[in-house]
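**Student:** I need the structure of the sequence given here:
(6 chains)
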6 protein chains.
Amino acid sequence: MNYQRTTRAANELREITIQPNFLPHADGSVLISCGNTKVICTATIDQNVPSFLRGKGEGWVTAEYGMLPASTQSRMKREAASGKQSGRTQEIQRLIGRSLRACVDMKKLGERQILIDCDVIQADGGTRTTSITGAFVALKMAIQKMLNDGRLPETPLIGSVAAVSVGVVGGVPLLDLDYPEDSNCDSDVNLVMLNADKIIEIQGTAEGAAFSLAELQTLIALGQKGITQLAQLQQKALRTI
Amino acid sequence: MNYQRTTRAANELREITIQPNFLPHADGSVLISCGNTKVICTATIDQNVPSFLRGKGEGWVTAEYGMLPASTQSRMKREAASGKQSGRTQEIQRLIGRSLRACVDMKKLGERQILIDCDVIQADGGTRTTSITGAFVALKMAIQKMLNDGRLPETPLIGSVAAVSVGVVGGVPLLDLDYPEDSNCDSDVNLVMLNADKIIEIQGTAEGAAFSLAELQTLIALGQKGITQLAQLQQKALRTI
Amino acid sequence: MNYQRTTRAANELREITIQPNFLPHADGSVLISCGNTKVICTATIDQNVPSFLRGKGEGWVTAEYGMLPASTQSRMKREAASGKQSGRTQEIQRLIGRSLRACVDMKKLGERQILIDCDVIQADGGTRTTSITGAFVALKMAIQKMLNDGRLPETPLIGSVAAVSVGVVGGVPLLDLDYPEDSNCDSDVNLVMLNADKIIEIQGTAEGAAFSLAELQTLIALGQKGITQLAQLQQKALRTI
Amino acid sequence: MNYQRTTRAANELREITIQPNFLPHADGSVLISCGNTKVICTATIDQNVPSFLRGKGEGWVTAEYGMLPASTQSRMKREAASGKQSGRTQEIQRLIGRSLRACVDMKKLGERQILIDCDVIQADGGTRTTSITGAFVALKMAIQKMLNDGRLPETPLIGSVAAVSVGVVGGVPLLDLDYPEDSNCDSDVNLVMLNADKIIEIQGTAEGAAFSLAELQTLIALGQKGITQLAQLQQKALRTI
Amino acid sequence: MNYQRTTRAANELREITIQPNFLPHADGSVLISCGNTKVICTATIDQNVPSFLRGKGEGWVTAEYGMLPASTQSRMKREAASGKQSGRTQEIQRLIGRSLRACVDMKKLGERQILIDCDVIQADGGTRTTSITGAFVALKMAIQKMLNDGRLPETPLIGSVAAVSVGVVGGVPLLDLDYPEDSNCDSDVNLVMLNADKIIEIQGTAEGAAFSLAELQTLIALGQKGITQLAQLQQKALRTI
Amino acid sequence: MNYQRTTRAANELREITIQPNFLPHADGSVLISCGNTKVICTATIDQNVPSFLRGKGEGWVTAEYGMLPASTQSRMKREAASGKQSGRTQEIQRLIGRSLRACVDMKKLGERQILIDCDVIQADGGTRTTSITGAFVALKMAIQKMLNDGRLPETPLIGSVAAVSVGVVGGVPLLDLDYPEDSNCDSDVNLVMLNADKIIEIQGTAEGAAFSLAELQTLIALGQKGITQLAQLQQKALRTI
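**Tutor:** You can find the predicted model right below:
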């Protein structure tokens, strides 16, 4: 018999809440919850760019990711105490950065950098996709701030970015895996889309069983449906600021 | 003319809230706010003790401290990315650990360790004292859990612990400094007390002007008043769990 | 006008050579060339498993990746001298490890570990996919060695693994990008397949322009064609040992 | 029955010797002995200031602290080999730096930095307070050198700094704890004073039993008595240079 | 009975091959084999000099050394993964750098730096001496390139550099030790010579038994004979570029 | 005109003093002065051996080396603060360890380790050779202690070890170079001998001009003369303990 969810449909997102202005010191910030996964996402405007861009009149967006030690079921080690970020952490923060850069016209942003911080307060699967979805809202808030104070004459945003995970668990394609589902999936796809329409990043991994192109298509369609809803929730949150 | 506070009296605490069970994965957790300073404090029970205690039948309490990069007015560097904890971070987490160990009978705790994590979400002065006050609540919740499930026959707690900062700003002794006050103080004392009665830790620093024993006495009396109130708020929060 | 390759067709691989037994000290080794990209891949049998698997009767496959400083057009810094592996390096070695684990039945491998090393001697694009394709041959050689000396009664391999990059450059879908193509592509997909038939890993990134599901399908089909050829070349190389 | 010292009175310092010019390469240096605790303290003038002070016309004083591996009863690990300074080391060197900055008018010092090094040759309790007392002498020697060669027109020193530890052992308040006393004390206070008169730093810790304000007052009075003697010994040593 | 070699005479080198232009991206490169020891040596021209030489009109030569994990009989740990270079690695790369600097007139080289990389592909004893011998050829190729393109008006080379190991095994002085011989030697001398005539570096170690000056003289004479042959092979390889 | 020393003959050592029992906590210790070079050398007995020797019934001798920041003419950076030991430091401590192992019969030492620490208090050339000469005395003191308390039935020492530097400065062969001589030498040889008779280590470097075998012979003879005197001073110091 196939796996069956008890509290939501296979193609249903978890409950999403996006609370803007969560951290007043940042130029943009949200607390985003996706079920029991909770992430603080902030955007900080930095008037300096990385050295490889100096003097080129172009901007940059980069991201850092962390988890509170007590965010996970069994406490994980504090990376600052271990003295280095794990490979997983680095992989995720590189993904967040690439995903957000895809929606910014760097020439229009001008020679400045936006630093994204995604800090996971509570983890129940999907922390990297939740981070991207929340970080876009924080990023847009920071850009709005610069439009308001005249630092930017026009928006450098070329669209919105949101992300979701999809996967096959017990033979069933599912939208938005929680941690128990993620731990038992056959395959797992993280999907990042521009305007809920085109793919910016796709990362699919066969944890249990390799999958066919047809299965991949099913999963992408499922993910696009979820991303469409996430994009609406992002817009709604942004209207409140 | 001397410095004068506009929104509270010189001997008044900022608004304090203590929200227990903030992070369900931990054995004890609170979100504590002291004005605009907000800290997540968690306690995790670990059945292992540090190697120097193995086989001795005694327990241990230790603490780690961190700040979200966007918790401060201008974003601070992520310590996990820098590859090491600053001297300030290490000093603070050593202080938190020592302070909490002072209220635990390690023989009664038995050969297990309680790991305290204090993560500053928003910083506006007094993060180390707020961490200690919040961490005691998380610690007591973890101990209560072990009393409830029978791992502990009797409480190893020998009292309650709370902390506050006091200082002289513009010639005036003040209770519970916020960040602007702390940055301009003549002297600054962090006070940690057991049962709001006896001193566990006192750390006084003359930032601007060296101070006399008489001034120190005034500050300690002021601090004890604040700690008495904090201890009541801790008890109130613990009654709700 | 669209981009046009001068020395090979859009759907053509670069010249591939796989030279087994390149490093006699390893349990399996190849020098694999994919055009001007050259990687030494080795497999070393280790009778210990990581601590999380101890006593479970299951094996493990893990990978490390490095580049010689002079392998790139302008010399890159030696990671051993910098004191850490870059995020890119860690991301790649995690990908190699996951990809190879997908073709091994860990119970049949038994409680031992196979360490894969992929060291790039010369880099001209596609180093991660070339590493995976070469590493599978080294892995199979190490397993063959254990079948020959009786350490393994039957093969733990459940198929073959190969990988290739595909991407859109100047509007044209291309198989097996070299470095100049990779640097100028609109989108870039790394594809890892089991038995040239099912997907183990897919990592697609829109470097320039987000892409549609239809474009993704075209690229996957192109990649599968290349992987089919690579799998044949792997078999051919393995027949010579 | 209470603890009783055999070789000196409860309110007596250990034998103190301060040997100036111990290391001729430094701008100021002493070997200070406090009983069996021996520390080499040096002051080096550096014409650069930390970046946060550049161009402000103000100076800085900072300190580093270390222990020879064989300085302790059982050899401690060499921090340079471990690759990092312990939290204790960082806490102590921050304390030394703060304490000495309290006696220097940074505007009069001008845009230059004085680097203090305190290296413990032999440890028998009180290494941090002995370091401060010795470092003041080295600091004053370096300033005298700049007054002599005309780099400084007037002294930037606003007083003298000395430090001592006091504590309660077996119920008895004691001045200047040695290592066995420090290991068994109920409470331990490190006191740093300006001109043996006002408090610069006070760090009190209840190792065994929390203490009252009255007990703290007794300890501070005891400490001040010791610091008065230390200040005289500092002056005497400085007269010999 | 004394140790006796089976496949070559006591005063005979292993088979040497030097393949220039092994890595096209570098300014000079060889693959050098000395029996089963194989090293890739490259030279990269860098228009910057270390900070201590800036503005002095003089050049520099420096070296880095590494081993592939699978180059040794039992796989060694990857230094980039461990996060630091071993003492042995640092000692060897300092030796290579010093040895090559001895044949370069730094004023004639001008304010630029040549970075040498020696990466051991396969190790069977003598990796440091083989690295030096190969690195000289790579260095000369890089200098020839600058002579050809007019960056250098005249050669800064003041001679050629080659190196070999000699040692006493089982009482018998041997030229060019392989790994089993090196592991069992009584004494081991690494000799680096300028123009096969004068000593640049000599590093002799009594692994088993201390040796007399007379024994040292015998070993040096044996080494000089080998270095004379190596210098001829270097010249022969350079004639083919 | 050739270089001429003013205060001692070319073949004369600097003034040597060896003060045993300098650090009472160590099992053996000396303060050795060689002119203005001063080093504290200690030996600590450790009942554990490195893991590669466990269970083999053999002992080990290993060494660590450090310099106080203020030991040099211009203050050097503290390695503990930098977070790593320099290549020079590692090279020197490896040399000290190898040199002392050459005089110990590891089977007779039994399964224990002797840790040597050499900490340079003041540096004026020859710190590595002075360290070796002093460390031998500390090592012998530690062994004497184990002979006295019955842990060792017979001495594992097979001779004495001492070291000196020799070099050619301004065309003149000199014994025991000080720092100005060392900085201007044509060539520099560090010589370590067993019983002032046979060579344990020889490290010769042509800093300025490559040297002939004849020149090397002259330097070795000069060094042996100095080592003979050092061995007598070691014996004299050991008679006083």
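
**Student:** rest of the way, CA atoms for contacts and neighbours
**Tutor:** OK.

**Student:** just the strands in chain A please.
**Tutor:** Listed in chain order, the strands of chain A (DSSP state E) span A:16-20, A:28-34, A:37-46, A:60-67, A:113-122, A:161-169, A:172-175, A:185-194, A:198-206.

**Student:** what does the third one contact?
**Tutor:** Think strand A:37-46. With contacts defined as CA atoms under 8 Å, 6 or more residues apart in numbering or on different chains, strand A:37-46 is touched by A:22-23, A:26-33, A:112-127, A:130-131, A:134-135, A:138-139, A:142, B:70, B:75.

**Student:** can you narrow those to ones near chain D?
**Tutor:** Counting by CA under 8 Å from any CA of the partner chain, nothing from the contacts of strand A:37-46 sits close to chain D.

**Student:** tell me how far the closest residue to A:Arg54 other than its chain neighbours lies from A:Lys56.
**Tutor:** Across the structure, with CA to CA, 6 or more residues apart in numbering or on different chains as the measure, the residue nearest A:Arg54 apart from its sequence neighbours is A:Glu111 (7.6 Å). Distance from A:Glu111 to A:Lys56, counting by CA to CA, to the nearest Å: 7 Å.

**Student:** so which of these two has more stuff around it?
**Tutor:** Relative neighbour count places A:Glu111 above the other of A:Glu111 and A:Lys56, with 20 against 11, counting by other CA atoms under 10 Å in any protein chain shown.

**Student:** and chain A, which of its residues are near chain C?
**Tutor:** Chain A has residues A:87-88, A:90-91, A:94, A:102, A:193-194, A:197-213, A:217, A:220 near chain C, with proximity defined as CA under 8 Å from any CA.

**Student:** helices along chain A, start to end?
**Tutor:** For chain A, the helices defined by DSSP state H occupy A:79-82, A:87-101, A:106-109, A:127-148, A:179-183, A:213-239.

**Student:** with just CA atoms, put the fourth one into PDB.
**Tutor:** This points to helix A:127-148. Once side chains and other backbone atoms are set aside, the C-alpha atoms of helix A:127-148 remain, and they are given as PDB (Å, rounded to 0.1, in the frame of the first residue of the first chain):
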ATOM      1  CA  THR A 127      14.800  24.700   5.200                       C
ATOM      2  CA  ARG A 128      16.600  25.600   2.100                       C
ATOM      3  CA  THR A 129      13.500  26.200   0.000                       C
ATOM      4  CA  THR A 130      11.800  28.000   2.800                       C
ATOM      5  CA  SER A 131      14.900  30.200   3.200                       C
ATOM      6  CA  ILE A 132      14.800  31.200  -0.500                       C
ATOM      7  CA  THR A 133      11.100  32.000  -0.400                       C
ATOM      8  CA  GLY A 134      11.500  34.100   2.700                       C
ATOM      9  CA  ALA A 135      14.700  35.700   1.500                       C
ATOM     10  CA  PHE A 136      13.100  37.000  -1.600                       C
ATOM     11  CA  VAL A 137      10.600  39.000   0.500                       C
ATOM     12  CA  ALA A 138      13.400  40.400   2.700                       C
ATOM     13  CA  LEU A 139      15.400  41.300  -0.500                       C
ATOM     14  CA  LYS A 140      12.400  43.100  -2.000                       C
ATOM     15  CA  MET A 141      11.900  45.000   1.200                       C
ATOM     16  CA  ALA A 142      15.500  46.200   1.100                       C
ATOM     17  CA  ILE A 143      15.200  47.200  -2.500                       C
ATOM     18  CA  GLN A 144      11.900  49.000  -1.700                       C
ATOM     19  CA  LYS A 145      13.800  50.900   1.000                       C
ATOM     20  CA  MET A 146      16.400  52.100  -1.500                       C
ATOM     21  CA  LEU A 147      13.600  53.100  -4.000                       C
ATOM     22  CA  ASN A 148      11.900  55.100  -1.200                       C
END
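
**Student:** just to revisit the earlier point, quick check: the residue nearest to A:Arg54 touching A:Ser51?
**Tutor:** No - the pair formed by A:Glu111 and A:Ser51 falls short of the contact definition of CA atoms under 8 Å, at 11.1 Å.

**Student:** ok, which residues in chain A are in contact with chain F?
**Tutor:** Applying the criterion CA under 8 Å from any CA, no portion of chain A neighbours chain F.

**Student:** got the contact list for whichever residue of chain A sits closest to chain B?
**Tutor:** Nearest residue of chain A to chain B: A:Ala80, at 3.7 Å (CA to the nearest CA). With contacts defined as CA under 8 Å, 6+ apart, the neighbours of A:Ala80 are B:Glu79, B:Ala80, B:Ala81, B:Ser82, B:Gly83, B:Lys84, B:Gln85.

**Student:** just those residues now: which is nearest chain E?
**Tutor:** Nearest to chain E among the contacts of A:Ala80: B:Gly83, at 11.6 Å, using CA to the nearest CA.

**Student:** contacts only, for the residue lying closest to that closest one once chain neighbours are set aside.
**Tutor:** Excluding its sequence neighbours, the residue lying closest to B:Gly83 (CA to CA, 6+ apart) is A:Gly83, at 4.3 Å. Applying CA under 8 Å, 6+ apart to A:Gly83 gives the contacts B:Ala80, B:Ser82, B:Gly83, B:Lys84, B:Gln85.

**Student:** could you dump the residues you listed to JSON lines with pLDDT?
**Tutor:** Compiled in JSON lines, the contacts of A:Gly83 are given as follows (pLDDT from 0 to 100):
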{"residue": "B:Ala80", "pLDDT": "95"}
{"residue": "B:Ser82", "pLDDT": "90"}
{"residue": "B:Gly83", "pLDDT": "88"}
{"residue": "B:Lys84", "pLDDT": "90"}
{"residue": "B:Gln85", "pLDDT": "94"}
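
**Student:** A:Asp149: which of these is nearest?
**Tutor:** In terms of CA to CA, no member of the contacts of A:Gly83 lies closer to A:Asp149 than B:Ser82, at 32.3 Å.

**Student:** can you give me every residue that contacts the closest one?
**Tutor:** With contacts taken as CA under 8 Å, 6+ apart, B:Ser82 has the following neighbours: A:Ala80, A:Gly83, A:Lys84.

**Student:** pick the one among these closest to A:Glu15.
**Tutor:** Using CA to CA as the measure, the one of these that approaches A:Glu15 most closely is A:Ala80, at 31.7 Å.

**Student:** ok, the nearest residue to that closest one once chain neighbours are set aside to A:Cys118 distance?
**Tutor:** Nearest residue to A:Ala80 in three dimensions, chain neighbours excluded: B:Ala80, at 3.7 Å (CA to CA, 6+ apart). Taken as CA to CA, the spacing of B:Ala80 relative to A:Cys118 amounts to 13 Å.

**Student:** what of A:Gly87?
**Tutor:** If you measure A:Gly87 against A:Cys118 using CA to CA, the figure is 16 Å.

**Student:** tell me which residue in chain A sits closest to chain F.
**Tutor:** With CA to the nearest CA as the measure, A:Gly83 is the residue of chain A nearest to chain F, at 11.6 Å.

**Student:** what does the pLDDT read for the spatially closest residue to A:Thr42 that is not a sequence neighbour?
**Tutor:** With CA to CA, 6+ apart as the criterion, A:Thr42 has its nearest non-adjacent residue at 4.1 Å, and that residue is A:Ser29. Per-residue confidence at A:Ser29 stands at 97 (pLDDT).

**Student:** I'd guessed A:Ser29 sits against A:Met141; true?
**Tutor:** Yes - with contacts defined as CA under 8 Å, A:Ser29 counts as touching A:Met141 at a distance of 7.5 Å.

**Student:** those two: who's more crowded?
**Tutor:** With other CA under 10 Å as the criterion, A:Ser29 and A:Met141 differ in neighbour count, and A:Ser29 comes out ahead with 32 against 23.
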